[in-house]
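>>> Next input, structure requested:
(2 chains, ligands or ions: 3)
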Amino acid sequence: MDNVAIARATMGTSLAFHIVFAVLGVGMPVLMSVAEGLGLWRRDPLWTQLARRWAKAFGILFAVGAVSGTVLSFELGLLWPRFMAFSGAIFGLPFSAEGFAFFLEAIFLGLYLYGWDRLSPLNHWLTSIPIAVSGAASSLFVVMANAWMNTPSGFQLGANGELIRVDPVAAAFNPSTPTEDPHMLVSAYVVTGFLVAAVYAAGLLRGRDDPLHRRALTLGMAMAGLAIILAGITGDASARFIYQAQPAKFAAMEGVYQTQRGAPLSLGGIPVDSQHRVLYAIQIPKGLSWLAAFDTNAQVRGLDSFPAADRPKPAIVHLSFDAMAGSGLGLGLLAALFWLLVIRTRRLPRSRLLLWALIAGGPAAVVAMEAGWFVTEFGRQPWIVYGIMRTSQAATTAPALGATFAVFLVIYAGLAVTTARLLLLLATRARESASGDARGARRDRPVPG
Amino acid sequence: MTAAEAIAAILWLALSAYTVLAGADFGGGLWDLLAAGPRASEQREAIAEAMGPVWEANHVWLIFMIVGLFTAFPSAFAILGVALYLPFTLAMTGIVLRGAAFAFRAHGQEAAGSLAPWGAVFGSASVIAPFFLGTAAAAVASGSIRVPGGRLEPAFTAGWTTPFAVVVGLFAVAMCGYLAATYLTVETEDRPELQADFRRRAMAAAVVAGGLGLLALLVAWVQAPRLLESLTGRGLPFFVLALLNGPLALWAVWRARPRIARVAVIAQVLFVLWAWAVGQWPYLVPPDITLAAAAAPAATLDALLVVTGVGMALLLPSLWLLFRVFKARNPAASA
Ligand code: HDD
Ligand code: HEM
Ligand code: HEM
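Ligands and ions are numbered 1, 2, ... in the order given. All right, here's what the predicted structure looks like:
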């Protein structure tokens, strides 16, 4: 592989890894804050216990998110020096704002995690609010930077390609920001909500039908249910925007090869470049034109109308898009069913089938989110800055890229395995101490060095 | 002062904060690795207790520097990213493993029992990170990264693999250990035996750091004459202060004056950093890239100053709160 390919693989892996922890960093503080707030308000220690339990797990998740994010900020310079030399001055501003958001999140998290005994209950709860706010803010800021790569604005190019009239505020609020930012933010809540629900659905399925599990599941599904509706609305807005702003990405997303009016919507299927069509897809006549512009006769530009060197790969982009939208639809139905049953029967559903579906919902939400990023990133190719700079021009010339990629794969694998192991052990341990029997006490080991 | 100079000064302040705060966290890892004697596990606990609430906030100074650098001086950021690819990658690996290992131990310990392998990772990664950051700093300070006519000379080992860089890397590790041990003598004021342990460690680190610092000057005299010139030129006041303050700090540690020692060792780090910074002013990457040449357009710099102003107005009170809650007095809970 050449440097460009390795750099892309390294960057993509790092981002795909980081984003899982990052979305939990956005969503979990909200859940912790709500649970602890309910505990204060209702004077109900069980809610507080739930918040404490989540805080323990979050301490680990946040740290892995922070270190993997650090890797990303180095990698921008280490892998893409030419991109950064060009873009830093334009899209650096939201990154700098994000830096402060991280600061506040880390500071208040320190207070939150270690302050249970040092702050009054009310003050302790108050520290959760800046965590939730700065978590959301950091996602909004960083996605502004990504949105700028999709629709670069806020600068002009001089005669020799030099930057003139740089306006970093206009760059931050570029045309993609109003659609990409909200969609990312609500996706973070979708993922967090469904993951939490999945964990506690698994508990219920194993017969741990106690108030703590029921409340946790309800809270997770409340977040997931609200957020999935918003994810659909904002995602739809994103797609419509891309139809206008990034037609090549749109064509790849939908698997459209020939420019046409009244284009059909292709669900699933495999885009085959050599045949210029999508095989095995379910087609809804005129569906795409209607979705894109509310007009069954609207024209949709096809991939074939772009120079070969400017086309993204429709196989990846189309399948990723369908994975996201399909999971989104499934998750929406699942949440609707869940809440319908809750409202009808006034108790949590205990059907094994539904619980299994909720367990599957967690990973499905992660898949939707990762797939959404694949749409954004692969759909932008071959550009790193859409229409301005090609990814192939941006990579570093440094040696030994392959070795660092390999090292990082090993590190990520180690982090993932250890994190998963620790979370499982934390859960087991919490259960044992909750059941309050001697078994928990016996397993108490002296704190090792 | 131009906007570019103001931002450079802010970034140097951030570097100072990172060195003084996160440097001590790296040093904590060093002493975790070297914990020995009858109180080895108490030493480790004291370190974990001191770092726990603050290390993630301390770490963000680095992020702030990185984003500030690429926003305000994008071309210099790109050049450093290529020229120092290897030491930065190695330092980054250390930073990642250090943070993750610490968190795994701190939050997972009671669940998983002994996480001994991660303990070793925590210690060794804490040494790797400052060492390679030190070598990278040496490469910049010694003027080894050459960019004639705006094009980087492709020499990926230039500057950071020299004897000078190695000495500076070791000096950085020793300074981290010195900072950490000195802070820990304050944090363990209510546990005299433990405090004595850390005092001995602070003394040892001070002697090693002092020796390495002088050795670095000697090597620079041969290998990096330009650096010595800048230290004894524009940087002279800070350079002299560093030379005078060194013995004072050592004296305070030796005579068991933890609080004076803490101030003195912080001052020592700042004097060294600022002797370097002021010495090479107005260069960002001497001898080819000045601050002015690498600076982003004015609109970006102004916007960055505004964001930094607003951000600091939120950040500084929060930081004050964090340190007041956890560091103001001896942690009562430590009994
Ligand atoms: C749980 C997650 C989740 C769910 C259920 C959905 N999405 Fe999504 N989507 C994301 C998570 C996501 C994401 C990972 O967060 C992305 C990547 C970039 C971004 O801002 O959001 C994204 C990007 C993204 C893009 C590309 C934006 C760009 O490149 O600028 C489009 C067009 C859509 N989405 C459309 C949809 C539609 C029509 C959905 C309807 C069901 C949908 N998404 C559900
Ligand atoms: C706001 C955040 C993000 C920024 C600023 C960003 C930036 C970048 C950059 C600079 C590249 C390399 C150049 C390129 O291939 O065009 C890249 C590639 C990539 N990113 Fe993102 N990214 C972001 C979020 C994500 C997330 C969350 C994912 C998660 C899956 C992701 C997945 C990828 C992948 C898979 C690639 C490789 C693309 C390819 O090789 O075609 N990105 N991103
Ligand atoms: C959509 C994409 C992203 C989102 C939503 C996001 C969000 C977050 C959040 C919430 C955190 C806090 C840590 C945690 O809770 O785990 C975090 C950490 C971090 N992220 Fe990301 N991030 C994204 C992409 C990126 C990219 C592209 C970069 C850099 C180029 C980056 C750099 C960082 C850094 C440096 C940290 C560590 C901050 C610290 O030390 O506390 N992130 N991110």
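>>> which residues in the chain form helices?
By default, I'm working from chain A. Under the criterion DSSP state H, chain A contains helices at A:3-42, A:45-79, A:81-114, A:121-150, A:168-172, A:177-205, A:211-245, A:247-254, A:287-293, A:314-345, A:352-380, A:391-394, A:401-435, A:438-442.
>>> look at chain B instead
Here chain B has its helices, by DSSP H, at B:3-33, B:40-51, B:55-72, B:74-83, B:85-112, B:116-141, B:163-187, B:192-223, B:225-232, B:236-254, B:258-280, B:291-294, B:298-327.
>>> Of all the helices of chain A, which one is nearest B:Arg255?
Closest to B:Arg255 of the helices of chain A, according to Cβ to Cβ: helix A:81-114, at 32.7 Å. Quick note: C-beta positions are derived from backbone N, CA and C, even for glycine.
>>> from the chain's centre, how far out does the closest one sit?
How far helix A:81-114 lies from its chain's middle: 17 Å, per Cα atoms, centre = their mean, to the nearest Å.
>>> quick check, that helix touching ligand 1?
No: judged by Cβ under 6 Å from any ligand atom, helix A:81-114 stays clear of ligand 1, getting no closer than 13.7 Å.
>>> returning to what we had before: so can I have CSV of the helices of chain B showing distance to chain A?
Shown next, in CSV, are those (distance: least, Cβ to the nearest Cβ, whole Å):
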stretch, distance to chain A
helix B:3-33, 9
helix B:40-51, 3
helix B:55-72, 3
helix B:74-83, 3
helix B:85-112, 3
helix B:116-141, 7
helix B:163-187, 14
helix B:192-223, 13
helix B:225-232, 24
helix B:236-254, 25
helix B:258-280, 20
helix B:291-294, 10
helix B:298-327, 3
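>>> Reformat the ones you listed as CSV; add mean neighbour count and distance to A:Trp80.
Output for the helices of chain B, formatted as CSV (neighbours: other Cβ atoms under 10 Å in any protein chain shown; distance: least, Cβ to Cβ, whole Å):
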stretch, mean neighbour count, distance to A:Trp80
helix B:3-33, 22, 21
helix B:40-51, 20, 33
helix B:55-72, 25, 10
helix B:74-83, 24, 8
helix B:85-112, 23, 12
helix B:116-141, 24, 19
helix B:163-187, 26, 26
helix B:192-223, 19, 32
helix B:225-232, 19, 30
helix B:236-254, 18, 36
helix B:258-280, 21, 27
helix B:291-294, 18, 18
helix B:298-327, 17, 19
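>>> Quick one, which of those helices gets closest to A:Ala231.
Closest among the helices of chain B, using Cβ to Cβ: helix B:55-72, at 28.6 Å.
>>> what angle do that closest one and helix B:116-141 make?
Orientation check (axes from the mean of the first three to the mean of the last three Cα atoms, to 10 degrees): helix B:55-72 against helix B:116-141 gives 30 degrees.
>>> Any part of helix B:55-72 near ligand 3?
Yes: contact between helix B:55-72 and ligand 3, assessed by Cβ under 6 Å from any ligand atom, occurs at B:56, B:59-60, B:63.
>>> Count the neighbours of the residue in the stretch 151-300 of chain B that chain A sits nearest to for me.
Residue of the stretch 151-300 of chain B nearest chain A, by Cβ to the nearest Cβ: B:Ala296 (3.4 Å). Using other Cβ atoms under 10 Å in any protein chain shown, B:Ala296 has 26 other residues around it.
>>> Next up, the contacts around the nearest residue to it once chain neighbours are set aside.
Take B:Ala296 and drop its neighbours on the chain: the residue closest to it by Cβ to Cβ, 6 or more residues apart in numbering or on different chains is A:Ala89, 3.4 Å away. Listed by Cβ atoms under 8 Å, 6 or more residues apart in numbering or on different chains, the contact set of A:Ala89 reads A:163, A:166, A:168, B:71-72, B:74, B:296-297, B:300.
>>> Throw these into a markdown table and include pLDDT, thanks.
Formatted as a markdown table, those follow (pLDDT from 0 to 100):
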| residue | pLDDT |
| --- | --- |
| A:Leu163 | 83 |
| A:Val166 | 86 |
| A:Pro168 | 90 |
| B:Thr71 | 93 |
| B:Ala72 | 93 |
| B:Pro74 | 91 |
| B:Ala296 | 87 |
| B:Pro297 | 89 |
| B:Thr300 | 91 |
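>>> which residues make contact with stretch B:2-13 from outside it?
Under the contact criterion Cβ under 8 Å, 6+ apart, stretch B:2-13 has outside partners B:1, B:65, B:68-69, B:72-73, B:273-274, B:277, B:282, B:284, B:291-292, B:295, B:298, B:301-302, B:304-305, B:308.
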